[in-house]
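>>> Need coordinates for the below:
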Amino acid sequence: MRWGHEVTDLEQHGTCVSVRCATARGETVLEASYAVAAAGARGDDVRRALGVSFDGHSFDDRFLICDIRAELPGWETERRFYFDPVWNPDRQVLIHPCPDSTYRIDWQVPADFDLDAEERNGALDERIRKIIGERPYEIVWKSVYRFHTRSVDQMRVGRVLLAGDCAHLVAPFGARGLNSGVPDVENAAWKLAFVLHGWAGEALLDSYHHERHAAAIENLDVTSATMRFLVPHSERAWRRRRELLERALSDPQTRTQVDSGRFAEPFWYVDSPLTTPDPARRFLGRPPKGEMPAAVPGVIVPDAPVSVPDQPGVGRLRELVRDGLLVLTTDGVDAAAIAVAVKEISTAPHRVMPLANIDAEGAVAAALGARSGEAWLIRPDGHVAAVLTDPDRYAVVAATRRALGESH
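Model prediction:
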């Protein structure tokens, strides 16, 4: 970790990346085999040096956040979303409980909102009092922001991988900013590790853009739909929203159409070049709000409990997958033969384990929907690479090669 190093330029020279940085002592150049550009939303110099676009849209409306500390009995366990309240007409207010009697209040405000002026004339205190009444409170933090929906056109440029807000910006509904940036670097980490250790060829890195750019587009689609509901762009759209909200007061079915944001969920790599499709286990599309898709190739494994005899510290399936490639076999599959086939083509760390050996209670089998005669090939990031039925050597070799980016 290099503190106080501001990246000003990037150059690539065959087998390395040169990162030019401005520091308090002058300019310095760092060299590395690969670089992950996680320079944040304001990483314009990095994006410019890499020659990537950052197309999209920035919304005019602002949002005011105040984290306050106050005693609000009964509020600490429920997230509250107000559409068009009398104390913020035609706009929204979100109240989210946080630890230690802290509450995040998020107001939608006009584009010309001036926080400093509100503080000076007492309007900010009045705004808070309309929600909490005369209870004492303390402002812990406050800020004004606006929403952006943007994405780079390429998330891999040679030996540089772009990640997080440097690669894509979405409205923060459902914590999709953090929960897309972390999978970016998780995806990059195992692939870089495999390439740098010689366990896979550099072609494996090509899948980084394919997988994580698709995830970014999905997030943009979901959050943009929420934003269109929160801020209608025409009188007709405003009218339709008012009518829907009024019907939702008495009609449970209508309530499902109220879009206050969809919580983040792991993306599904069903169309990835690393995924071997299974005609018997098809992905049915974006699942209903609040639900996870069935375990099929490309989807992350459920985080079910496991008991691993030689790893007593591992208690969950998603912990077990971190060590490399994992193959889980069910009844009727020769685990030893699978292990020989995988070892034959790859030096990558891997384990082949009968599912019954780690799943005494059957929780993993039930969560996966596993059947007799199957081998489940799972990547180090927990995503299912393949589900092979009655697998022979050819099928195991083909799926493993594909998962390592060697063929598709």
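>>> wait, is Glu243 part of a helix?
Yes: Glu243: assigned to a helix according to DSSP: H, G, I helix; E, B strand; the rest coil.
>>> can you start the count at 14 instead of 1 from here on
Got it, the first residue is 14 from now on, which makes the last one we talked about Glu256.
>>> now it: how far from Ala136?
Distance of Glu256 to Ala136, computed by CB to CB, to the nearest Å: 32 Å. The way it works is simple: take the backbone N, C-alpha and C, and place the C-beta from them, glycine included.
>>> same deal with Ala45?
50 Å.
>>> what residue lies at the spatial centre of the chain?
The centroid of the chain falls nearest to Ser193 when counting by CA atoms, centre = their mean (2.5 Å).
>>> And for that residue, nearest residue in space, chain neighbours not counted?
Asn232 (5.4 Å; CB to CB, 6 or more residues apart in numbering).
>>> and that neighbour, which of the three is it?
helix.
>>> just the CA coordinates of stretch 325-334, formatted as CSV?
Below are the C-alpha coordinates for stretch 325-334, written out as CSV (Å, rounded to 0.1, in the frame of the first residue of the first chain):
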residue,chain,number,x,y,z
PRO,A,325,-12.2,-28.0,11.4
GLY,A,326,-12.1,-24.2,11.0
VAL,A,327,-14.1,-24.3,7.8
GLY,A,328,-17.9,-24.3,8.5
ARG,A,329,-19.5,-22.9,5.3
LEU,A,330,-19.4,-24.0,1.7
ARG,A,331,-18.2,-20.6,0.4
GLU,A,332,-15.2,-20.9,2.7
LEU,A,333,-14.3,-24.3,1.4
VAL,A,334,-14.3,-23.2,-2.3
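>>> Would you mark the buried spots in that stretch?
For stretch 325-334, the neighbour count (16 or more other CB atoms under 10 Å) marks 327, 330-331, 333-334 as buried.
>>> Please narrow those residues to those residing in helices.
Using DSSP state H, the subset of the buried residues of stretch 325-334 located in helices is 330-331, 333.
>>> Can you tell me which of the residues you listed is closest to Val198?
Arg331 (16.2 Å; CB to CB).
>>> Show the pLDDT at that closest one.
Arg331 carries a pLDDT value of 94.
>>> wait, it sits on Pro318?
No: in this structure Arg331 lies outside contact range of Pro318 using CB atoms under 8 Å: 10.7 Å.
>>> What's the separation between Pro315 and Ala380?
Taken as CB to CB, the span from Pro315 to Ala380 is 4 Å.
>>> Which neighbours do the two have in common?
Contact criterion CB atoms under 8 Å, 6 or more residues apart in numbering; residues shared by Pro315 and Ala380: Ala308.
>>> Identify the residues contacting Asn232.
Applying CB under 8 Å, 6+ apart, the residues near Asn232 are 181, 183, 189, 193, 277.
>>> Gly418 versus that one, what's the distance?
24 Å.
>>> Likewise for Pro279?
Counting by CB to CB, the gap from Pro279 to Gly418 is 20 Å.
>>> Look at those two and report which has more neighbours.
Gly418 (22 against 18; other CB atoms under 10 Å).
>>> For the more buried one, which three-state class applies?
Gly418 ends up coil, using three-state DSSP.
>>> before we move on, the earlier item: counting neighbours, which bits of the particular helix or strand that has the residue nearest to the centre of the chain in it end up buried?
Per DSSP states H and E, Ser193 falls inside helix 191-209. For helix 191-209, the neighbour count (16+ other CB under 10 Å) marks 193-194, 196-197, 199-201, 203-205, 207-208 as buried.
>>> picking up where we left off before, quick one: which of the ones in helices among the buried residues of stretch 325-334 is nearest Arg268?
Once CB to CB is applied, the member of these that ends up nearest Arg268 is Arg331, at 32.7 Å.
>>> if I pick the closest one, what's in contact with it?
Applying CB under 8 Å, 6+ apart, the residues near Arg331 are 313-314, 316, 395.
>>> Could you check how far it is from Arg294?
20 Å.
>>> Quickly list the domain ranges of this protein.
The record's domain parsing of the chain by automatic domain parsing lists 19-66+166-242, 71-161, 286-421.
>>> Throw these into a markdown table and include distance to Gln266, thanks.
Output for the domains of the chain, formatted as a markdown table (distance: least, CB to CB, whole Å):
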| stretch | distance to Gln266 |
| --- | --- |
| domain 19-66+166-242 | 17 |
| domain 71-161 | 18 |
| domain 286-421 | 13 |
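>>> Would you mind saying which of these lies nearest Arg260?
Taking CB to CB, domain 71-161 is the member of the domains of the chain nearest to Arg260, at 12.8 Å.
>>> gap between the closest one and the chain center?
Distance of domain 71-161 from the chain centroid (CA atoms, centre = their mean, to the nearest Å) equals 26 Å.
>>> Any buried residues in stretch 210-226, and which?
212-213, 217-218, 220-226.
>>> ugh, typo on my part, it should be stretch 91-106
95-96, 101, 104-106.
>>> Name the residues that touch that stretch?
Against stretch 91-106 from outside (CB under 8 Å, 6+ apart): 74, 107-110, 118-122, 140, 143-144, 243, 251, 254-255, 258, 271, 273.
>>> and the end-to-end length of that stretch?
Terminal residues of stretch 91-106 are spaced 14 Å apart (CA to CA, to the nearest Å).
>>> out of the buried residues of stretch 91-106, who's nearest Asp284?
When these are compared against Asp284 (criterion: CB to CB), the nearest one is Gln105, at 34.5 Å.
>>> Tell me the bridge partners for the closest residue to the closest one other than its chain neighbours.
The spatially closest residue to Gln105, leaving aside those adjacent along the chain, is Gln121, at 4.7 Å (CB to CB, 6+ apart). Beta-bridge pairing of Gln121 under DSSP bridges involves Phe76.
>>> contacting residues around Gln121?
74-76, 101, 104-106, 243-244.
>>> And Arg169, its phi and psi?
Here is the backbone geometry of Arg169 (degrees, to the nearest 10): phi -130, psi 120.
>>> pLDDT score for it?
97.
>>> burial of it, as a residue count?
Here the count is done by other CB under 10 Å, and Arg169 has 22 residues near it.
>>> show me what contacts it?
Contacts of Arg169 (CB under 8 Å, 6+ apart): 175, 218-219, 221-222.
>>> From Pro149, how far out is it?
52 Å.
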